[in-house]
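>>> give the three-dimensional model of this entry:
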Amino acid sequence: MNDDAFDGMLFVVDSERVDDADVVEFVIAAAKDTDSIYPAGAVSISIRGEGYQVPLPGADDSGFHVDDDAPCSSAHGMLVVVHEGNKRLARDLQTIREGQMA
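Below you'll find the model as predicted:
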């Protein structure tokens, strides 16, 4: 899995299930909306307690810190972790993904 970070948002995509062109569409939308983008990297998602743990390099740049809890949204092959103010953007990315799957 790969991740991209934006101000107040982390975007994780399963690179084996989501086409590069579809990822580009997400990245452009998020970068335009947040006026930001931070380096991406390979990540893994693990189950911890009653939720998921996503260790992400570069997350400090986007405003996330160790042990932060944040709302998550998902769609086929992607996970969006946001700070409270970015829920609309997360919904927009889910809508884009649903359109890609149609």
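>>> please make it C-alpha for all contacts and neighbour counts, starting now.
OK.
>>> sheet partners, orientation included, of the helix or strand bottoming out on mean pLDDT in the chain?
Scoring the helices and strands of the chain by mean pLDDT, DSSP states H and E places strand 51-53 at the bottom, with a mean of 73. Partner strands for strand 51-53, per DSSP bridges, with pairing direction: strand 46-48 (antiparallel).
>>> list the contacts of the partner strand.
Contact partners of strand 46-48, identified using CA atoms under 8 Å, 6 or more residues apart in numbering, comprise Y52, Q53, V54.
>>> list the contacts of the first one.
Yep, that's Y52 we're talking about. Contacts of Y52 by CA under 8 Å, 6+ apart are I45, S46.
>>> gap between it and M101?
Computed with CA to CA, to the nearest Å, the distance linking Y52 and M101 is 24 Å.
>>> also the second one?
Spatial separation of Q53 from M101 under the definition CA to CA is 26 Å.
>>> who's more crowded, those two?
Q53 (14 against 11; other CA atoms under 10 Å).
>>> can you tell me the closest non-neighbouring residue to the more buried one?
S46 (5.2 Å; CA to CA, 6 or more residues apart in numbering).
>>> that neighbour: neighbouring residues, count only.
11.
>>> so where do the helices sit in the chain?
In the chain, helices defined by DSSP state H lie at 20-34, 87-101, listed in chain order.
>>> possible to save the ones you listed as CSV with mean pLDDT and distance to A75?
CSV is the format used below for the helices of the chain (pLDDT from 0 to 100; distance: least, CA to CA, whole Å):
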stretch, mean pLDDT, distance to A75
helix 20-34, 90, 12
helix 87-101, 88, 6
